[in-house]
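Novice: got a sequence here, can you model it:
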Amino acid sequence: MHSINNETNTTVGGSLVIQAKTNTDTGSMIPVKGVQVKIFNETGNKEIAQYDTDSVGATPLVTLDAPPEKYSEEEDYNKQPYSLYDVEITSPDFLPVEVKGVQIFSGIKSILPVDLIPTNQMTRESQMTRRSINLIQNNQMTRGPEDVISIGPSTLFGDYPPKIPESEIKEMTATGFVVLSEVMIPEYIIVHAGSPNNNSAPNYNVPYKDYLKNVASSEIYPTWPRETIKANVIAIVSYTLNRVYTEWYRNKGKNYTITNSTAYDHAFTYGRNIFDTVSEVVDDYFDTYVRRPGVTQPLLTQYCDGKKVSCPGWMTQWGSEKLGRDGLSAEEILKSFYKNIEFKEAKQVSGNPESYPGYPLKQGANSPPVRVIQQQLNRISNSYPLIPKVPSNGVFGSDTAKSIKVFQQIFNLTPDGIVGKGTWYKLSEIYVAVTKIAALL
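Specialist: Below you'll find the predicted structure:
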């Protein structure tokens, strides 16, 4: 059964792809083929589409109805700017998952990553015991025999508590206050699913870039101008890295990096779908933050929507949208709100075998970094056979460009065949993951 809607007979619609993966003992994710996926309308009483995942764990791209883009592009509209769908994922080999409230915007590709728990390796009781132990060790929330994930409304549309103002630069001279030696990107963000006053709320151990994509997809609209999305992503990065650098909650005796309470930090929704326009910006600017001149720590870039809540001296999200429409760059947008700031790049965490050379690699290049990506592609292709193998000769020919495009399509990057910073670090990330898996076999 296929989608009722398609690319040729709808004028107002978005698209959705579901990606099924499972977690290995190393923490790496591998794709799952042959999982049944059903998509239902918001009320759950009408099946829209049904597919089985392919060799890279993905469904085909399904086109779905969505409201007009103007609902998300104009501040004065009060209508819900996205349509909602429910997704069911089932397989004899994995615990079932149901995701309610998947958001679809017109003209936007929505991506729903689903983490599946296998059932065929041991009894459900023993497996859930092992899973619970792993999650406790990783500060994650345990999951029941069936996941039901409910995605709440975007913070721009729903009702969420406004940010409680804090000092934008943290005082770090107090006795016992510990900070990192330098600003760096962590491998994971530990998210507390509640306010700091709720000690019983669970924690989630989330890969750093996945966290940024989740927050940005929860807090802004993916139809906004790219420079607006970029400005908001950099603000989210700066805020997050301030919490990381100052070890803000750990200095208060907590065992997490940040909360998902909008009164204290950012909105984060476990298991939600993300958007291609947001994902692409995060892949390019995950290490870019702002700070005050002469100050090491990233600026705690607080913001509000600017419609339901006003926040003089902070960025307003709708204000950033208007400036983006007016043609301002992300740097100009941020400087218009935070004034005297400078832009910096954070140090990469360990785990990436090679650092980005500082310039994009494209067809015609001949250099050692090209050989690095060719070697990584060939190793990755063992786990993702749709990616063609290429000669490891350091020459960026048409075969390498084709292989890169396939890689980019699989991992939701712009399929241009060019290895920019986002593609470079995604190659490194997947290369490290598949070599960890191989070490266990």
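Novice: K209 reaches V282, doesn't it?
Specialist: Yes: between K209 and V282 there is a contact under C-beta atoms under 8 Å: 5.8 Å. In this view, the C-beta of every residue, glycine as well, is placed from N, C-alpha and C.
Novice: who has more neighbours out of those two?
Specialist: Comparing K209 with V282 by other C-beta atoms under 10 Å, the one with more neighbours is V282, at 25 against 20.
Novice: my read is that one is in a helix, agree?
Specialist: Yes: assessed with DSSP: H, G, I helix; E, B strand; the rest coil, V282 lies in a helix.
Novice: so what's it up against?
Specialist: K209, L212, K213, A216, V233 (C-beta atoms under 8 Å, 6 or more residues apart in numbering).
Novice: separation between it and G107?
Specialist: 19 Å (C-beta to C-beta, to the nearest Å).
Novice: next one: I89
Specialist: 26 Å.
Novice: of these two, who's got more company?
Specialist: More neighbours surround I89 than the other of I89 and G107, with 23 against 15 (other C-beta under 10 Å).
Novice: what is the more buried one paired to in the beta sheet?
Specialist: According to DSSP bridges, the residues that bridge with I89 are V37, V97.
Novice: surely it touches L112?
Specialist: No: contact status for I89 versus L112: not in contact, 9.1 Å apart, counting by C-beta under 8 Å.
Novice: what strand or helix carries the residue nearest the centre of the chain?
Specialist: Central residue of the chain (C-alpha atoms, centre = their mean): K213, 2.6 Å from the mean position. In this assignment (DSSP states H and E), K213 forms part of helix 208-219.
Novice: just the CA atoms of that helix, as PDB, please.
Specialist: Coordinates of each C-alpha in helix 208-219 appear next as PDB, following Å, rounded to 0.1, in the frame of the first residue of the first chain:
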ATOM      1  CA  TYR A 208      25.500  16.200  20.400                       C
ATOM      2  CA  LYS A 209      24.400  17.000  16.900                       C
ATOM      3  CA  ASP A 210      21.200  15.000  17.300                       C
ATOM      4  CA  TYR A 211      20.400  17.100  20.300                       C
ATOM      5  CA  LEU A 212      20.800  20.300  18.300                       C
ATOM      6  CA  LYS A 213      18.600  19.100  15.500                       C
ATOM      7  CA  ASN A 214      16.000  18.000  18.000                       C
ATOM      8  CA  VAL A 215      15.900  21.400  19.700                       C
ATOM      9  CA  ALA A 216      15.900  23.500  16.600                       C
ATOM     10  CA  SER A 217      13.100  21.300  15.100                       C
ATOM     11  CA  SER A 218      11.100  21.900  18.300                       C
ATOM     12  CA  GLU A 219      11.700  25.600  18.600                       C
END
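Novice: quick check: mean pLDDT of the helix or strand just after it?
Specialist: Next along the chain after helix 208-219, taking DSSP H and E as the criterion, comes helix 226-246. What helix 226-246 shows for mean pLDDT is 97.
Novice: buried residues in helix 226-246?
Specialist: Within helix 226-246, the residues that count as buried by 16 or more other C-beta atoms under 10 Å are 227-246.
Novice: who are the contact partners of P415?
Specialist: Taking C-beta under 8 Å, 6+ apart as the definition, contacts of P415 comprise K405, V406, Q408, Q409.
Novice: which stretches of the stretch 51-200 of the chain aren't confidently modelled?
Specialist: 120-146, 173-180 (pLDDT under 70).
Novice: show me where it has strands.
Specialist: With strands called from DSSP state E, counting those that start in this stretch, the stretch 51-200 of the chain shows them at 62-65, 83-91, 94-104, 109-116, 147-150, 188-192.
Novice: as a markdown table, the ones you listed with distance to N45 would be great.
Specialist: Converted to a markdown table, these look like this (distance: least, C-beta to C-beta, whole Å):
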| stretch | distance to N45 |
| --- | --- |
| strand 62-65 | 16 |
| strand 83-91 | 10 |
| strand 94-104 | 13 |
| strand 109-116 | 20 |
| strand 147-150 | 17 |
| strand 188-192 | 33 |
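Novice: closest to T22 out of those?
Specialist: Among these, strand 109-116 comes nearest to T22, with 4.7 Å by C-beta to C-beta.
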